[in-house]
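Undergrad: Can you look at this prediction? I've put the sequence above it.
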Protein chains: 2
Amino acid sequence: MIAVSIANGQVEIKRTGIPKRPVRFALIRLIAGGICNTDLELQAGYFGFAGTPGHEFVCEVVQADNKKWIGKRVVGEINLACGKCAWCQQGWGRHCPSRRVLGIVKHPGAFREFLTLPEANLHEVPRHIPTEEAVFVEPLAAACEILDQIQIPKSAVVAVLGDGKLGLLIGQVLRVRGLVVHQYGRHKAKLRVGQRLGIHIQVVHRNLPSAVYDYVVDATGSSGGLQQALRMVRPRGTIVLKSTLHGPVEIDTAPIIVNEVSLVGSRCGRFEPAIELLKSKRIDVASLISDQCPLADAARAFQRAAEPGVLKVLLRAG
Amino acid sequence: MIAVSIANGQVEIKRTGIPKRPVRFALIRLIAGGICNTDLELQAGYFGFAGTPGHEFVCEVVQADNKKWIGKRVVGEINLACGKCAWCQQGWGRHCPSRRVLGIVKHPGAFREFLTLPEANLHEVPRHIPTEEAVFVEPLAAACEILDQIQIPKSAVVAVLGDGKLGLLIGQVLRVRGLVVHQYGRHKAKLRVGQRLGIHIQVVHRNLPSAVYDYVVDATGSSGGLQQALRMVRPRGTIVLKSTLHGPVEIDTAPIIVNEVSLVGSRCGRFEPAIELLKSKRIDVASLISDQCPLADAARAFQRAAEPGVLKVLLRAG
């Protein structure tokens, strides 16, 4: 079989054996994967990563202990938890301290023809969700996570900063949940995806409104995003942090304290609400697909995904 | 009358007229004031401050529109709000965007023989609270603010970082509210105040426990406090920020997001719970008084308050 491999900034295709399936794991065959910004960061050398990336995928189950899975089209949660620690016992496997993470930490990722994942991580993809949409379950779950963490009253206006893939999903999730969303970004073409759902879009100019939002989501992916969010949030407001940055950021913490602002870090989410949202057809993920490439063309696909203005690039197997 | 005056890092005594009382303001006579770290920072030139500092005080009311106040021993909330804006209408005068702040922003402070404050800001000091304890109402209210902002389950263990004046009040408030408190600081003598109330104290050595607390309060007053709190907090935990710092701080924001940590900035609080706590005699503020000086010796008092190991220094008038 072939597998994408990252080392020293290069994306290569390698021939390798089909992985062995441990007990309680399923052997699954890739149908399609999605390139995430994290994958581009892994390529750039963050986390000292080397190996097969990929954590957004749709697969078909080939082998499993529980035969009900065989032949099913599935997506899978990316955190491989120990299942035994206090975190896992509370249902917080996503924070298990000894977790491995598909395609990120100590478990080879999905950009390969065959991979393994614990059966407990699998979710069947409902029939009415096409594969290219189901690839978005993982990032959509990360967007849904915000509303699992904080309650936002229906009367609130939420500002979403950033018009990247995750930012556009977040804006849509908040809008579909009935909130008024103001989305700020640099690219009008990208922002238009949300505009069709009733999101107020704003191409960022120099002067952003100051102290007007009770809720601000920073999905800029840039080190200036938090400082910008701090300017836009009202006293006693909440900022959700969705931009994972590398290395230290300079922040003036005084306004956080003086204005009693809350900052909430937010990462992966449960798959169930994301699958439900895709099933409902109320979220437009198809418009976020900029390109599709065969798995064997992964190097070109990674290059394409890194181009300005490009949103999701899918890798198709088989 | 005499008034303390700060300019160019110097603390001086000036002779000045008794201030005029605006409508709905009371003219009040200082009995005792407390020197706060903020006062030392004002002296050091932060906020470009020049004038009379002082926002922790007990006064006697001399003149007021509402005659019920005359002769009463009072403390007073330090934020002078406009009373008209949306914030004030919601009862959030502490966040009124056009507020003045006693002894800090655009309203002369309490370290003077006579001062003025809106009658709406006054709270009568109950008979059973001695003046030198009532001086602590303002910082104690800031400590109580934490539990006005977040709910901490009784089962939680809270780490309080810092053994300064505010840190010691915070530890006590959390303890008296039934929580298990682990207080970390550099000075065993200071930490002992809380130990008598059942606080577990820990003189800080190099290795602090990692990822063990669901709640961490940073009251270190130092730029390293937040980074330390981020190491000590568990995934999905909450850090309360009580250290107002000046200038930017370098923070690695990645653990906030990866571990889905919440940061809550916290400033001034309501006076009512603080007065109730002092009335209950369950909080030991007397042990926090390191020294008392006449108002006329303010320069020496400020010097004393800045010495290592010194906690609260009171200024007594009349």
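TA: Perfect, I can see it now. Residues are numbered from 1 along each chain as shown, chains lettered A, B, ... in the order given.
Undergrad: Helices of chain A, start to end?
TA: Taking DSSP state H, the helices of chain A run over residues A:37-43, A:86-89, A:131-134, A:137-149, A:165-176, A:188-195, A:225-232, A:254-258, A:271-280, A:298-305.
Undergrad: and the fifth one, is it in reach of chain B?
TA: When you say that, I think you mean helix A:165-176. No. Helix A:165-176 lies out of reach of chain B by Cβ under 8 Å from any Cβ of the partner chain, never closer than 11.7 Å. C-betas here are computed from N, CA, C, even on glycine.
Undergrad: Keeping just the C-alphas, turn that helix into CSV.
TA: What follows is helix A:165-176, C-alpha atoms only, in CSV (Å, rounded to 0.1, in the frame of the first residue of the first chain):
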residue,chain,number,x,y,z
LYS,A,165,-11.5,26.7,7.2
LEU,A,166,-12.1,26.5,11.0
GLY,A,167,-13.3,30.1,11.3
LEU,A,168,-15.9,29.5,8.5
LEU,A,169,-17.1,26.4,10.2
ILE,A,170,-17.4,28.1,13.6
GLY,A,171,-19.3,31.0,12.1
GLN,A,172,-21.8,28.6,10.5
VAL,A,173,-22.3,26.5,13.6
LEU,A,174,-23.0,29.5,15.7
ARG,A,175,-25.4,30.9,13.1
VAL,A,176,-27.3,27.6,12.7
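Undergrad: which helices and strands does it pack with?
TA: helix A:137-149, strand A:157-161, strand A:180-185, helix A:188-195, strand A:213-218, helix A:271-280 (3 or more Cβ pairs under 8 Å, 6 or more residues apart in numbering or on different chains; DSSP states H and E).
Undergrad: what's the angle from that helix to strand A:157-161?
TA: In terms of direction (axes from the mean of the first three to the mean of the last three Cα atoms, to 10 degrees), helix A:165-176 departs from strand A:157-161 by 170 degrees.
Undergrad: Go through the helices and strands packed on helix A:165-176 and name the closest to chain B.
TA: Closest to chain B of the helices and strands packed on helix A:165-176, according to Cβ to the nearest Cβ: helix A:137-149, at 6.8 Å.
Undergrad: Retrieve the pLDDT associated with A:Asn207.
TA: On pLDDT, A:Asn207 comes in at 82.
Undergrad: got any ranges where chain A has weak pLDDT?
TA: Residues of chain A that meet the criterion pLDDT under 70 are absent altogether.
Undergrad: Mean neighbour count, the helices of chain A: which tops it?
TA: Among these, the stretch with the highest mean neighbour count (mean count of other Cβ atoms under 10 Å in any protein chain shown) is helix A:165-176, at a mean of 26.
Undergrad: Just want the angle from that one to helix A:137-149.
TA: Using the same axes, to 10 degrees: helix A:165-176 against helix A:137-149 is 50 degrees.
Undergrad: quick one on the thing from earlier: for A:Leu102, find the nearest of the helices of chain A.
TA: With Cβ to Cβ as the measure, helix A:137-149 is the member of the helices of chain A nearest A:Leu102 (9.3 Å).
Undergrad: returning to what we had before: quick one: which of the helices and strands packed on helix A:165-176 is nearest B:Ile70?
TA: Per Cβ to Cβ, nearest to B:Ile70 of the helices and strands packed on helix A:165-176: strand A:213-218, 41.9 Å.
Undergrad: just checking, what packs against that closest one?
TA: Using 3+ Cβ pairs under 8 Å, 6+ apart, strand A:213-218 sits against strand A:157-161, helix A:165-176, helix A:225-232, strand A:233-241.
Undergrad: now the spatially most distant residue from the centre of chain A, nearest residue through space, not along the chain?
TA: Most distant from the centre of chain A: A:Val258, at 32.7 Å, with distances by Cα atoms, centre = their mean. Using Cβ to Cβ, 6 or more residues apart in numbering or on different chains and skipping residues adjacent in sequence, the residue nearest A:Val258 is B:Arg267, 5.9 Å away.
Undergrad: Neighbours of A:Ser210, how many?
TA: 10 (other Cβ atoms under 10 Å in any protein chain shown).
Undergrad: Identify the residues contacting it.
TA: Counting by Cβ atoms under 8 Å, 6 or more residues apart in numbering or on different chains, A:Ser210 touches A:Arg231, A:Met232.
Undergrad: Tell me how far the closest residue to chain B within the stretch 51-200 of chain A lies from A:Ile104.
TA: Residue of the stretch 51-200 of chain A nearest chain B, by Cβ to the nearest Cβ: A:His95 (3.8 Å). Per Cβ to Cβ, to the nearest Å, A:His95 is found 15 Å from A:Ile104.
Undergrad: which residue packs closest to the residue of the stretch 51-200 of chain A closest to chain B, ignoring adjacent ones?
TA: A:His95 sits nearest to B:Pro235 (Cβ to Cβ, 6+ apart), 3.8 Å away.
Undergrad: The one you found is in contact with B:Val261, isn't it?
TA: Yes. B:Pro235 is within contact range of B:Val261, at 7.3 Å (criterion: Cβ atoms under 8 Å).
Undergrad: out of those two, which sits in the busier spot?
TA: Using other Cβ under 10 Å as the criterion, B:Pro235 and B:Val261 rank with B:Val261 on top: 24 against 19.
Undergrad: contacting residues around the more buried one?
TA: Contacts for B:Val261 (Cβ under 8 Å, 6+ apart) come out as A:Gly265, B:Leu230, B:Val233, B:Pro235, B:Arg236, B:Gly237, B:Thr238, B:Ile239, B:Pro255.
Undergrad: which among the residues you listed gets closest to B:Ala3?
TA: Closest approach to B:Ala3 among the contacts of B:Val261 (Cβ to Cβ): B:Ile239, at 39.1 Å.
Undergrad: Mind telling me which residue is nearest the centre of chain A?
TA: Geometric centre of chain A, nearest residue: A:Pro139, 2.7 Å, by Cα atoms, centre = their mean.
Undergrad: Hmm, A:Lys165 and it touching each other?
TA: Yes. A:Pro139 is within contact range of A:Lys165, at 6.4 Å (criterion: Cβ under 8 Å).
Undergrad: Spit out the residues that contact those two alike.
TA: A:Cys36.
Undergrad: Relative to chain B, how far out is A:Leu40?
TA: Counting by Cβ to the nearest Cβ, to the nearest Å, the separation of A:Leu40 from chain B is 16 Å.
Undergrad: Which residue comes closest to that residue once chain neighbours are left out?
TA: A:Ala306 (5.5 Å).
Undergrad: A:Leu122 now?
TA: In space, and not counting its chain neighbours, A:Leu122 is closest to A:Val74: 4.5 Å by Cβ to Cβ, 6+ apart.
Undergrad: check contacts around A:Ala211.
TA: A:Arg231, A:Met232, A:Val233, A:Arg234, A:Pro235, A:Asn259, B:Pro97.
Undergrad: change it to 7 Å
TA: When contacts are counted by Cβ atoms under 7 Å, 6 or more residues apart in numbering or on different chains, A:Ala211 touches A:Arg234.
Undergrad: Ok, A:Phe302 next?
TA: Taking Cβ under 7 Å, 6+ apart, one finds A:Val11, A:Ile35, A:Leu40, A:Gln43 in contact with A:Phe302.
Undergrad: Residue numbers of chain A in contact with chain B?
TA: When proximity is defined by Cβ under 7 Å from any Cβ of the partner chain, chain A lies next to chain B at A:95, A:149, A:226, A:235-236, A:241, A:244-246, A:248-254, A:256-267.
Undergrad: Write the ChimeraX selection for whichever of these are buried.
TA: Listed next is the ChimeraX selection for buried residues among the residues of chain A next to chain B, using 16 or more other Cβ atoms under 10 Å in any protein chain shown:
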select /A:95,149,226,235,236,241,244,245,249,251,253,254,256,257,259,260,261,262,263,264,265,266,267
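Undergrad: Perfect, that will be all.
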